[in-house]
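Asks: turn this into a model:
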Amino acid sequence: GFASPPAGGVGLEGFLRACGHHGFRLSRLEAERLFAEVATSGAGAASMVLPQDLASRVQALSQLSLPEVSWVQRTLTDIAARASANGRPLDAALVVRGESLEASLLRSELERHMALDQQQWFTIL
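Replies: Next up is the predicted model:
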């Protein structure tokens with residue numbers, strides 16, 4: 001028979017919303033990987049993350065070095081160096097008068113110094 005979803009669990013979309021709402025500094029890819037590692041499912045049931053399982057994995061995640069994080073750090077450092085060499089440092093170029101910066105504006109500024117394909121941009125986000 002079909003197992004019912006675990007009580008108190010949350011699906012992928014709810015998990016992604018919760019990560020954003022609670023300020024977890026994870027890319028979507030990192031959040032999806034974490035969900036896949038922690039999620040449980042019964043026969044025929046959608047995958048769900050249980051709060052008690054998530055708490056232990058988030059603790060372990062803080063000690064984990066993910067290749068995507070290293071790549072983003074190296075790439076942004078390189079872009080910042082290129083921007084400075086071209087006479088327009090990123091910090092000056094990205095100053096927005098007290099407003100949050102739109103992702104499209106950030107991408108546009110980064111791409112002045114390095115072309116980013118869709119997957120690379122997705123990883124940066």
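Asks: low-confidence regions, the chain specifically.
Replies: The model of the chain has pLDDT under 70 over residues 1-8, 41-45, 54, 57-58, 61-65, 96-101.
Asks: which parts of it are helices?
Replies: 12-21, 28-38, 51-61, 67-85, 90-93, 103-111, 118-124 (DSSP state H).
Asks: export those helices as CSV, with columns for mean neighbour count.
Replies: (Each C-beta comes from the backbone N, C-alpha and C, glycine too.) Output for the helices of the chain, formatted as CSV (neighbours: other C-beta atoms under 10 Å):
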stretch, mean neighbour count
helix 12-21, 14
helix 28-38, 16
helix 51-61, 12
helix 67-85, 13
helix 90-93, 14
helix 103-111, 14
helix 118-124, 13
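Asks: measure the residue positioned nearest the centre of the chain to Glu13 for me?
Replies: The centre of the chain sits closest to Ser27, judged by C-alpha atoms, centre = their mean, with a distance of 0.7 Å. According to C-beta to C-beta, to the nearest Å, Ser27 and Glu13 sit 16 Å apart.
Asks: over to Glu111?
Replies: 29 Å.
Asks: which residues does stretch 76-89 contact?
Replies: For stretch 76-89, the surrounding residues in contact (C-beta atoms under 8 Å, 6 or more residues apart in numbering) are 90, 93, 110, 112-114, 124.
Asks: swap the cut-off to 10 Å and go again
Replies: 90-94, 109-114, 116, 124 (C-beta atoms under 10 Å, 6 or more residues apart in numbering).
Asks: using PDB, write out the CA atom coordinates for that stretch.
Replies: Extracted in PDB, the C-alpha atoms of stretch 76-89 (Å, rounded to 0.1, in the frame of the first residue of the first chain):
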ATOM      1  CA  LEU A  76      33.600  36.800  -7.800                       C
ATOM      2  CA  THR A  77      37.100  37.600  -6.700                       C
ATOM      3  CA  ASP A  78      38.300  37.300 -10.300                       C
ATOM      4  CA  ILE A  79      35.500  39.600 -11.600                       C
ATOM      5  CA  ALA A  80      36.200  42.100  -8.800                       C
ATOM      6  CA  ALA A  81      39.900  42.200  -9.900                       C
ATOM      7  CA  ARG A  82      38.900  42.700 -13.500                       C
ATOM      8  CA  ALA A  83      36.500  45.400 -12.600                       C
ATOM      9  CA  SER A  84      39.200  47.300 -10.600                       C
ATOM     10  CA  ALA A  85      41.700  46.800 -13.400                       C
ATOM     11  CA  ASN A  86      39.200  48.400 -15.800                       C
ATOM     12  CA  GLY A  87      38.800  51.400 -13.400                       C
ATOM     13  CA  ARG A  88      35.400  50.600 -12.100                       C
ATOM     14  CA  PRO A  89      35.500  48.700  -8.900                       C
END
